[in-house]
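In: heads up, no residue letters with this:
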């Protein structure tokens, strides 16, 4: 898969996630956050599991030794850790969305974009290209314009939770990029992390929330969209796409979920996008184009010199 194709998959994932912000907030009037999280990731797991099993079997055959495990124990442990990180980011964000607006949630979640290269430097001592930092600043400014958040913003309880979740989203993007590129088994990774989130959320839901058939039925279509589409398709596209692109680049492209969240607000909540928001969208798109086009220009110059 080419880098352009991989980034297109990430773009589709961002579009799906942007639309899901509305679903996540509306569904909280019907079902608890743990139950919703358990349901959506279980449905996502059902989609990916058959594909992951097929991928696992193909990897075993390709190894030339049917008794050889396609993954090391360290790989599996890291995949389990990624599942825990995904659960933590998801549930903190989900609870936070109850106590804040969709706009603020989209903005604060997108703050994981600058965290990805920073975490990369801290954890792996890997510095991104200098152009990435310019693109991150441009993306951050654009996200601020879209959200309408200004310097007078006072973080409430929900805002603080969503802001906290952005750290785990940044860590998740970074770790997914590492393990996906190392193992070339994105579907297996997706299935394992979905299973981990489902198990933890289900246990927690039974301990802390009221679960009845009527509650599950009332929220089924919300969980179905968030599960089959947002988890089963979008998170899987993220893992597949990150197997062929850099974490910092992926974070910038995935930040487009803020733009798509604004579009979803117009379509489903009759919100309006003004001139300021349009400028913000253009800034984010410019940042992504910078990350995509600048490396090609530099490579072309090096060949000519």
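Out: The structure has been received and is ready for your questions. Only a predicted model underlies this, so the values are computations on that prediction, with no experimental measurement involved.

In: just how off-centre is the helix or strand harbouring residue 132 within its chain?
Out: Per DSSP states H and E, residue 132 falls inside helix 130-147. Chain-centre distance of helix 130-147: 18 Å, with CA atoms, centre = their mean, to the nearest Å.

In: just stretch 244-251 next, same as before
Out: On CA atoms, centre = their mean, the centre of stretch 244-251 falls 12 Å from the chain's centre.

In: what does stretch 226-240 give?
Out: 9 Å.

In: list the buried ones in that stretch?
Out: 226-240 (16 or more other CB atoms under 10 Å). Glycine gets a C-beta too; all of them are placed from N, C-alpha and C.

In: ends of that stretch, how far apart?
Out: The first residue of stretch 226-240 is 19 Å away from its last residue (CA to CA, to the nearest Å).

In: Name the surrounding residues that touch it.
Out: 1, 6, 9-10, 12-13, 16-17, 20, 23-24, 27, 36, 39-48, 86, 173, 176, 180, 186-187, 189-190, 193-194, 250, 254 (CB atoms under 8 Å, 6 or more residues apart in numbering).

In: likewise stretch 197-210?
Out: Under CB under 8 Å, 6+ apart, the answer for stretch 197-210 is 32, 34-35, 37-38, 41-42, 45, 83-84, 86-87, 90-91, 211.

In: cool, stretch 71-79 as well?
Out: The contact list for stretch 71-79, computed with CB under 8 Å, 6+ apart, reads 175, 178, 179, 182, 183, 185, 188, 189, 192, 193.

In: Redo these as TSV? Include neighbour count.
Out: TSV is the format used below for the contacts of stretch 71-79 (neighbours: other CB atoms under 10 Å):
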residue	neighbour count
175	22
178	17
179	25
182	14
183	19
185	23
188	27
189	30
192	22
193	30
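
In: Contacts only, for residue 182.
Out: residue 75.

In: Distance check, it against residue 72.
Out: 10 Å (CB to CB, to the nearest Å).

In: In the stretch 151-300 of the chain, what residue spans correspond to helices?
Out: 157-183, 186-208, 213-218, 220-224, 236-242, 247-254, 257-269, 275-304 (DSSP state H, counting those that start in this stretch).

In: how about CSV for these, with distance to residue 76 added?
Out: Shown next, in CSV, are the helices of the stretch 151-300 of the chain (distance: least, CB to CB, whole Å):
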stretch, distance to residue 76
helix 157-183, 10
helix 186-208, 8
helix 213-218, 32
helix 220-224, 28
helix 236-242, 15
helix 247-254, 21
helix 257-269, 29
helix 275-304, 32
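
In: so which of those helices gets nearest residue 145?
Out: helix 275-304 (3.1 Å; CB to CB).

In: pLDDT of the closest one, averaged?
Out: Taken as a whole, helix 275-304 has an average pLDDT of 69.

In: Just the buried subset of the contacts of stretch 197-210, written out for PyMOL, thanks.
Out: Isolation of the buried members of the contacts of stretch 197-210 (16+ other CB under 10 Å) is achieved in PyMOL through the command below:
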select buried, resi 32+34+35+37+38+41+42+45+83+86+87+90+91
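
In: from the contacts of stretch 197-210, which ones fall inside helices?
Out: 34-35, 37-38, 41-42, 45, 83-84, 86-87, 90-91 (DSSP state H).

In: Just name the closest of the contacts of stretch 71-79 to residue 130, please.
Out: residue 178 (21.8 Å).

In: wouldn't that closest one be in contact with residue 119 here?
Out: No - counting by CB atoms under 8 Å, residue 178 does not reach residue 119; the two are 10.9 Å apart.

In: Need the contact partners of stretch 5-12.
Out: With CB under 8 Å, 6+ apart as the criterion, stretch 5-12 contacts 234, 237-238, 240-245, 249-250, 253-254, 256, 292.
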